[in-house]
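Participant: let's see this in three dimensions:
(chains A and B)
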Amino acid sequence: MKDTLYRVTDQPISVEDVMAKVIRPEAGAVTNFIGTVREFTKGKRTLYLKYEAYPSMAEKQLARIGKEIQEKWPEARTAITHRIGRLDISEIAVVIAVSTPHRKDAYAANEYAIERIKQIVPIWKKEHYENGEEWIGDQLETVSYPSGKPEGEEFHD
Amino acid sequence: MIKVLCFAHIKELTGSDELLLENEELTVQDFLQDMHDRYGINKDCMVAVNEEYAEPGDVMKSGDTVALIPPVSGG
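Facilitator: The predicted structure follows:
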């Protein structure tokens, strides 16, 4: 499993391990994106997070993102690992490594990957605050909403 | 039998991480209407059939594994 490019794991992520999957002689640039657990979001204090996933589908969707990157930046190689379960403040939730011959593509492809993760990969974050908890991305669906769709602010990262 | 997987807050609405439907065949649209009527699930909820995102007109069949995918928040 260690050399699989697209993974969902309940274990701590090693940035080195993810990066090593994309290192190769053709590459002149490697970008790593490391998503960590933030303590304060709009003034609200997070104690810890829990991520839940549909793991088999999530890995397929991560692979799809890799394929999309390959289509847009044919010389890129991508590896993504996302952690699930309980994560404390500053722990690593996701690592994206992209290698390309030149740096611009490595930056662009890496940003593309994190944006797509937030759109299509079935992983959900539950915030545990000092005074309660809520699922993020859909917190308004836990109450009825007359307009038929979520309204108001959403947290996106 | 159609197996339905529930995640995140959907699991809290249905009270279970897995439901079984007796239907032989069902469109995604009708499925969402049913889930809305029974559990108050948003009819805009995304649906995956056998781990691929499905369109409202797509048909799920007995033996399929279906998942209700509320807005995702990974990363």
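
Participant: for the nearest residue to residue B:65 once chain neighbours are set aside, pull up the helix or strand it's in.
Facilitator: Leaving aside its chain neighbours, residue B:65 sits nearest to residue B:3 (4.8 Å; criterion: CB to CB, 6 or more residues apart in numbering or on different chains). For glycine as for every other residue, the C-beta is placed from the backbone atoms N, C-alpha and C. According to DSSP states H and E, residue B:3 maps onto strand B:2-6.

Participant: ok, so what distance separates residue B:4 from chain A?
Facilitator: 12 Å (CB to the nearest CB, to the nearest Å).

Participant: now do the strands in chain A.
Facilitator: Using DSSP state E, the strands of chain A run over residues A:6-9, A:29-36, A:40-41, A:44-53, A:77-83, A:85-88, A:92-100, A:123-129, A:132-135.

Participant: helices or strands up against the second one?
Facilitator: Okay, so that is strand A:29-36. helix A:15-20, strand A:92-100, helix A:103-120 (3 or more CB pairs under 8 Å, 6 or more residues apart in numbering or on different chains; DSSP states H and E).

Participant: quick check: bridge partners of the residue nearest to residue A:62 when sequence neighbours are not counted?
Facilitator: The spatial neighbour of residue A:62 that comes closest, neighbours along the chain excluded (CB to CB, 6+ apart), is residue A:6 at 3.7 Å. Assessed by DSSP bridges, residue A:6 has beta-bridge partners residue A:80.

Participant: burial of residue A:6, as a residue count?
Facilitator: Using other CB atoms under 10 Å in any protein chain shown, residue A:6 has 21 other residues around it.

Participant: identify the residue spatially nearest to the spatially most central residue of chain A, adjacent ones excluded.
Facilitator: Centroid check for chain A by CA atoms, centre = their mean gives residue A:94 as the closest residue, at 4.6 Å. In this structure, residue A:94 finds its nearest non-sequential neighbour in residue A:35, 4.1 Å apart by CB to CB, 6+ apart.

Participant: hang on, the earlier thing: so in terms of bridging, what pairs with the residue nearest to the centre of chain A?
Facilitator: Beta-bridge partners for residue A:94, by DSSP bridges, are residue A:35, residue A:82.

Participant: my guess is it contacts residue A:114, does it?
Facilitator: Yes. Using CB atoms under 8 Å, residue A:94 is in contact with residue A:114, at 7.5 Å.

Participant: find residues that contact each of these two.
Facilitator: Shared contacts of residue A:94 and residue A:114 (CB atoms under 8 Å, 6 or more residues apart in numbering or on different chains): A:33, A:35, B:75.

Participant: mind checking the SS state of the residue nearest the centre of chain B?
Facilitator: Compute the mean C-alpha point of chain B, and by CA atoms, centre = their mean the closest residue is residue B:68, 3.7 Å away. State at residue B:68, reduced to three classes by DSSP: H, G, I helix; E, B strand; the rest coil: strand.
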